[in-house]
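**Q** Generate coordinates for the sequence data below:
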Amino acid sequence: MLANLRSVVEGRPSCSCHRPSTAPVRPSVAYRGSARRRGYAVVVRADTDYYELLGVPRTADKKTIKQAYRQKARKFHPDVNKEAGAEDLFKKIGEAYEVLSDDNKKAIYDKYGEAGLKGGMGGMGGGPGVEFSNPFDLFESFFGGMGGMGGMGGMGGMGNMSGFARRQRRVDGEDDKVDLQLDFLEAVFGCSRELDVERLAECEECGSTGVRKGTQPTPCSVCQGSGQVVQAVRTPLGTFQQVAYCSRCEGEGSSFTPCSKCGGEGRVRDTKRISLRVPPGVDVGSRLRVRGEGNAGRRGGDPGDLFVNISIKEHPELRRDGTNIHSDVEISYVDAILGTQVKVTTVDGPVELKIPAGTQPGTSLLMARRGVPKLGNPSLRGDHMVHVRVRIPKAVGAEERKLVEELRELQSKSRLGPFRF
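**A** Numbering: from 1, shown residues only. A predicted model of the protein is given here:
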């Protein structure tokens, strides 16, 4: 039903089998600039069908319209229906009832459509538009508050609250972030950490309402509890209305005596120690999400999340590239010729690595599955690449020099062909 009503509000059929009402949908015309004749763009959009919105025929009497409004308003009141778009539909339902239940407004609507009500059609002489009542006030005139909604008044103690206080919406808390630096091996294999996080916590004194204990909010004297103010601007095309948040109450719809502990914010600065499990394989730039550990919400709103930004200390011997580890090993030219075994530092500890005879400078040797566990699947690991550097001495002793010269002579004798060097 919510999807169908939303399609009505947007001026499109709710499904492929939708049948339009017998009366044509009149377009609402809005001009960009002062007038169409000056060359400005014209935006045309379909009006809302108030009859279809309430689910009544165009021949419905006032009693039928009233019953339809009561049913729809109860269903889509935002304190009851938490689905996205419910509040907009609730307001539109109130607007539809206010028009169709008033003979004068209904006559204008039937002749000119929604644009006629807003004073934007030539048939209305460009006069001022119709001002609609606050949809919440209209609702309360029917039900007398949430307590008259058939047992819904027990929702969180809201039945005893005044209309403007009920309209104060839950406000979810903001997300927060903290930086965490890990040692190289902590990032590879994961770890557990205790973090002291400073954030906004719910004020226990006022229950996050911001109102001093033992007092009650009163309606804002400017917006009369609606949280909104309407500004009318007269133009050659008629009177246009702009709805904005009330600057005095900042959209709250009420004024109150602030809580002595939180100063009316509903939240206080607090430090909490949380336990964090860092999974294996996190890397520089990884961000961990801890649900519900961000700033507290207001008036019963959900808390935000805590995001932990990871940085990693460098290792003196190892370098990381994704799930692979790189390191260097240096051997003498003799070991490069004859081969040898060296001890290599890995993330698993020291490991013996065989250097084959005849290894050339710059050779990379693979140590399979000695790398970093894959994030989210630690059973899979990368590799460890060992890059061999051959150390060539700049100067040698007399005995070593003699042996090298003998080796060179031996190599020259073993060469084939007519040319010898």
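**Q** On the three-state scheme, the closest residue to Y50 other than its chain neighbours is what?
**A** Using Cβ to Cβ, 6 or more residues apart in numbering and skipping residues adjacent in sequence, the residue nearest Y50 is A96, 3.8 Å away. Quick note: C-beta positions are derived from backbone N, CA and C, even for glycine. At A96 the chain is in helix, as set by DSSP: H, G, I helix; E, B strand; the rest coil.
**Q** which residues does A96 contact?
**A** Contacts for A96 were tallied using Cβ atoms under 8 Å, 6 or more residues apart in numbering; they are 48, 50-51, 53-54, 69.
**Q** if you set the cut-off to 10 Å instead, what comes out?
**A** 8-9, 48-54, 56, 65, 68-69, 72, 109, 114 (Cβ atoms under 10 Å, 6 or more residues apart in numbering).
**Q** Show me those that map onto helices.
**A** Of the contacts of A96, the ones assigned to helices by DSSP state H are 8-9, 50-54, 65, 68-69, 72, 109, 114.
**Q** Roughly how far does V178 sit from L306?
**A** 7 Å (Cβ to Cβ, to the nearest Å).
**Q** out of these two, which sits in the busier spot?
**A** Using other Cβ atoms under 10 Å as the criterion, V178 and L306 rank with L306 on top: 23 against 18.
**Q** hey, where'd the helices end up in the protein?
**A** Applying DSSP H to the chain gives helices spanning 2-9, 50-54, 62-76, 86-100, 103-112, 114-117, 135-143, 163-166, 184-189, 333-338, 398-413.
**Q** Quick one: closest of those helices to G349.
**A** Among the helices of the chain, helix 184-189 comes nearest to G349, with 10.1 Å by Cβ to Cβ.
**Q** got the buried residues for the closest one?
**A** Neighbour-count burial for helix 184-189, counted by 16 or more other Cβ atoms under 10 Å, picks out 184, 186-188.
**Q** follow-up on the earlier one: closest one to S208 out of the contacts of A96, please.
**A** Relative to S208, the closest of the contacts of A96 is K72; by Cβ to Cβ it sits at 31.8 Å.
**Q** Now for V178 and L306: what residues contact both?
**A** In terms of Cβ under 10 Å, 6+ apart, V178 and L306 are both contacted by the residues 195, 197, 199, 274, 276, 288, 290, 293.
**Q** So which of these is the closest to T218?
**A** Compare each of the shared contacts of V178 and L306 with T218 using Cβ to Cβ and the shortest gap goes to R199, at 31.2 Å.
**Q** Write down the beta-bridge partners of that closest one, one by one.
**A** Residues in a beta bridge with R199, per DSSP bridges, are D270.
**Q** number of nearby residues for it?
**A** 21.
**Q** next one: the one 3 residues further on
**A** Per other Cβ under 10 Å, the neighbour tally for E202 reads 21.
**Q** Can you find the helix or strand in this protein with the smallest mean pLDDT?
**A** Here the helix or strand of the chain ranked lowest by mean pLDDT, DSSP states H and E is strand 42-46, holding a mean of 37.
**Q** distance of T271 from C191?
**A** Distance from T271 to C191, counting by Cβ to Cβ: 22 Å.
**Q** And these two? Which one has more around it.
**A** Per other Cβ under 10 Å, whichever of T271 and C191 has more neighbours is C191, with 16 against 9.
**Q** Make sure the more buried one is actually in contact with G281.
**A** No. Applying Cβ atoms under 10 Å as the test, C191 and G281 come out as separate, 11.9 Å apart.
**Q** With adjacent residues omitted, what lies nearest to G297?
**A** Distances taken as Cβ to Cβ, 6+ apart put G173 closest to G297, at 4.2 Å, once the chain neighbours are dropped.
**Q** dump the residue contacts of that neighbour.
**A** By Cβ under 10 Å, 6+ apart, the contact set of G173 is 199-202, 208, 267, 292, 294-298, 301-305.
**Q** now swap in C191 and tell me
**A** C191 is in contact with 182-183, 185, 276-280, 282, counting by Cβ under 10 Å, 6+ apart.
**Q** what do you get for N377?
**A** 280-281.
**Q** go on, the one 5 residues further on?
**A** G382 makes contacts with 188, 281, 320-325, 347, 368-374, as judged by Cβ under 10 Å, 6+ apart.
**Q** Could you rerun that using 6 Å?
**A** 323-324, 371-372 (Cβ atoms under 6 Å, 6 or more residues apart in numbering).
**Q** Please identify which of those residues is nearest to R381.
**A** G371 (5.3 Å).
**Q** I'd assumed N324 was in contact with that closest one.
**A** Yes. With contact defined as Cβ atoms under 6 Å, G371 and N324 form a contacting pair (4.9 Å).
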